[in-house]
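**Q** Sequence and predicted structure below; questions after.
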Amino acid sequence: MSDMKKAADLRAMSEADLNERMDELAAEGMKLRFQQATMQLTTTARPAQVRREIARIKTILAERVAQGA
């Protein structure tokens, strides 16, 4: 869980940084899905953590769009 960022930390990041982090997490999520399919996944909680952090980032980006509109 050390890679997991809190919402306050994510809110402090720029939009470009958030998009970059989301791309990194998407790639990690894909890698984790392959590990799970081949029975090599050791940290079974990590896929859920990745999905939650992606959701946090998407929520923050949507909030910024709504505030700008």
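**A** In hand now; what should we look at? From a predicted model like this one, the values you see are computed outputs, not experimental measurements. Numbers count the residues shown, from 1 in each chain.

**Q** For the protein, which segments count as helices?
**A** Residue ranges of the helices in the chain, as given by DSSP state H, are 7-11, 15-37, 46-68.

**Q** Please render those as a markdown table that adds mean pLDDT to the earlier fields.
**A** A markdown table is the format used below for the helices of the chain (pLDDT from 0 to 100):
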| stretch | mean pLDDT |
| --- | --- |
| helix 7-11 | 91 |
| helix 15-37 | 97 |
| helix 46-68 | 96 |
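
**Q** Turn the ones you listed into JSON lines, columns for mean neighbour count.
**A** Glycine gets a C-beta too; all of them are placed from N, C-alpha and C. As requested, those are arranged in JSON lines below (neighbours: other Cβ atoms under 10 Å):
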{"stretch": "helix 7-11", "mean neighbour count": "12"}
{"stretch": "helix 15-37", "mean neighbour count": "14"}
{"stretch": "helix 46-68", "mean neighbour count": "14"}
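
**Q** which residues sit in contact with the most centrally placed residue in the chain?
**A** Among the residues of the chain, the one closest to the centroid is Ile54, at 3.0 Å (Cα atoms, centre = their mean). Contact analysis of Ile54 by Cβ atoms under 8 Å, 6 or more residues apart in numbering lists 22, 25-26, 29.
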